[in-house]
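**Student:** When you get a sec, could you give me coordinates for this:
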Amino acid sequence: MKVLHIVPSISLVYGGPSQMVRGLSAALSRQGVEVEILTTDANGDVGQAPLDVPINQPVAEDGYTVRYFRCAPFRRYKFSWDLLQWLYHHAHQYDLAHVHALFSPVSSAAATILRWQGCPYILRPLGTLDPQDLQKKRWLKALYGYGIERPNLAGAAAVHFTSTTEAKTSHRYGVKTQDWVIPLGVTLPDLPERGRARSHWHIAPDLPLLVYMSRLDRKKGIELLVTALARLQAEGVPFHFVLAGSNSQDPGYEQELRQRIAAAGILPQTTIAGFVQGIEKTALLQDADLFVLPSYYENFGIAVAEAMAVGTSVVVSNGVDLWPAVERAEAGWVTRPEVEALTDSLRTALSDRTEQARRGRNALQLVQQDYSWDAIATQMIAAYRTIIPTSS
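**Tutor:** Purely as a prediction, here's the structure:
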């Protein structure tokens, strides 16, 4: 089986939704699938330097290959005319293509080319079909959706959703689609010595540590969290809060959050860490007593799964589509994306270290059983085989 993944970028700055393509590709290759990723050299804002990678050459990675193309024109939108030209001439060499991200010009154009070429393709929306997300730039997205994405949805062999909630709520522009619900996976990391992050950020070893680590986005409910923490501080509840993340598309939001944190009076108890990656990311998640993500809506919640993968219990809103699994496994606390409910949940979670540890163990077990990449790859291969000849 020969599979092509197409994604606007796999730079670390774009976070988990893009990075999952690497994890899936490696797991597919371990099970005998030949995988190539088509992507661009996009690496954040227009002013940022592009990725330092070979252009239009196969780059060997963890059992699969990546072929990068220069962003040009429309660098801001991660567009690549050269990628599309390459796809036009080579699509016939693959059994199927898996296209990641709707409402991204290069992905939309790629799906159109695949449809013209008769190559079976799967679309993964990354939450872009969520009705709340579609309210942003509503009229522009309506024109784009009906004019470009509707034919792509109609021509897709399947649409890959990562949760039942995402599949139920996603808008289809009147098109009937074949839906796959296959979650994202996480890689179980090698753990550093415990206490590394606390030492690095100068956080006392006995002080309850709460971590938010995700893209800094207005849909994530960070303002709710800041207000809830201010209330807990007023009650005399001890904690240290680490806000980790960035948003290259809205760089002013980080400064806005800093001002909110200062105005709430919790700046002395807060570390604004910026974008954290690699071993430092793992260390911070591991040292956390609680990982918190109170999003208004979230089509999966890969950051939550990454926190659970190191044995950290979580506090998530019921806007995060992973919440039913968290609740069933007692891997953390589920709340509503409201200040009162979030404050109550955090107060309860912070009051019992023994219960935090128990739910952290449950969290790790949940990831090991249901969200390992090898388990996800097995599901994906079975789904792929329903749309290509069994001899492939």
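**Student:** So what's the gap between stretch 180-193 and the chain middle?
**Tutor:** 11 Å (CA atoms, centre = their mean, to the nearest Å).
**Student:** which residue ranges form the helices in the stretch 151-300 of the chain?
**Tutor:** 164-169, 196-201, 222-234, 252-264, 278-287 (DSSP state H, counting those that start in this stretch).
**Student:** For the last one, which helices and strands make contact with it?
**Tutor:** This points to helix 278-287. Secondary-structure packing of helix 278-287 (3 or more CB pairs under 8 Å, 6 or more residues apart in numbering; DSSP states H and E): helix 196-201, strand 209-213, strand 240-244. All C-beta atoms are positioned from the backbone trio N, CA, C, and that covers glycine.
**Student:** closest one to Val326 among these?
**Tutor:** Closest to Val326 of the helices and strands packed on helix 278-287 is strand 209-213 (CB to CB; 16.0 Å).
**Student:** Secondary structure class of Ile122, three-state.
**Tutor:** Put simply, Ile122 is strand when judged by DSSP: H, G, I helix; E, B strand; the rest coil.
**Student:** oh, and call the first residue 52 from now on, that's how I've got it
**Tutor:** I'll keep to 52 as the first residue from here, and by that count the last item is Ile173.
**Student:** so where is the stretch 302-443 of the chain shaky, pLDDT-wise?
**Tutor:** Residue ranges of the stretch 302-443 of the chain with pLDDT under 70: 440-443.
**Student:** quick one, strands of it?
**Tutor:** 321-325, 341-344, 365-368, 383-386 (DSSP state E, counting those that start in this stretch).
**Student:** ok, and what's touching the first one?
**Tutor:** By that I understand strand 321-325. 252, 254, 291-297, 305, 308-309, 312, 335 (CB atoms under 8 Å, 6 or more residues apart in numbering).
**Student:** Save those residues as JSON lines, and put in neighbour count and distance to Pro182 too.
**Tutor:** What follows is the contacts of strand 321-325, written out as JSON lines (neighbours: other CB atoms under 10 Å; distance: CB to CB, whole Å):
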{"residue": "Trp252", "neighbour count": "18", "distance to Pro182": "38"}
{"residue": "Ile254", "neighbour count": "20", "distance to Pro182": "39"}
{"residue": "His291", "neighbour count": "21", "distance to Pro182": "37"}
{"residue": "Phe292", "neighbour count": "24", "distance to Pro182": "31"}
{"residue": "Val293", "neighbour count": "21", "distance to Pro182": "32"}
{"residue": "Leu294", "neighbour count": "22", "distance to Pro182": "28"}
{"residue": "Ala295", "neighbour count": "23", "distance to Pro182": "29"}
{"residue": "Gly296", "neighbour count": "22", "distance to Pro182": "25"}
{"residue": "Ser297", "neighbour count": "18", "distance to Pro182": "27"}
{"residue": "Glu305", "neighbour count": "17", "distance to Pro182": "27"}
{"residue": "Leu308", "neighbour count": "21", "distance to Pro182": "26"}
{"residue": "Arg309", "neighbour count": "14", "distance to Pro182": "31"}
{"residue": "Ile312", "neighbour count": "23", "distance to Pro182": "31"}
{"residue": "Leu335", "neighbour count": "27", "distance to Pro182": "33"}
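**Student:** with those in mind, which one is nearest to Gln108?
**Tutor:** Out of the contacts of strand 321-325, the member with the shortest distance to Gln108 (by CB to CB) is Ser297, at 29.4 Å.
**Student:** picking up where we left off before, tell me which of the helices and strands packed on helix 329-338 lies nearest to Ala426.
**Tutor:** strand 260-264 (23.9 Å).
**Student:** how far out from the middle of the chain is that closest one?
**Tutor:** Distance, centroid of strand 260-264 to centroid of chain: 17 Å (CA atoms, centre = their mean).
**Student:** Over to stretch 377-386?
**Tutor:** On CA atoms, centre = their mean, the centre of stretch 377-386 falls 19 Å from the chain's centre.
**Student:** re the thing from before, tell me which of the helices of the stretch 202-351 of the chain sits nearest to Glu87.
**Tutor:** From the helices of the stretch 202-351 of the chain, taking CB to CB, the stretch that ends up closest is helix 329-338, at 25.3 Å.
**Student:** gap between that closest one and the chain center?
**Tutor:** Taking mean C-alpha positions (CA atoms, centre = their mean), helix 329-338 and its chain are 17 Å apart.
**Student:** what about the spatially closest residue to Glu378 that is not a sequence neighbour, distance to Asp241?
**Tutor:** Sequence neighbours aside, Val385 is the residue nearest to Glu378 in space, at 4.9 Å (criterion: CB to CB, 6 or more residues apart in numbering). Per CB to CB, to the nearest Å, Val385 is found 29 Å from Asp241.
**Student:** Count the residues that sit near Ala285.
**Tutor:** 11 (other CB atoms under 10 Å).
**Student:** Quick check: pLDDT value at it.
**Tutor:** Note for Ala285: predicted pLDDT of 96.
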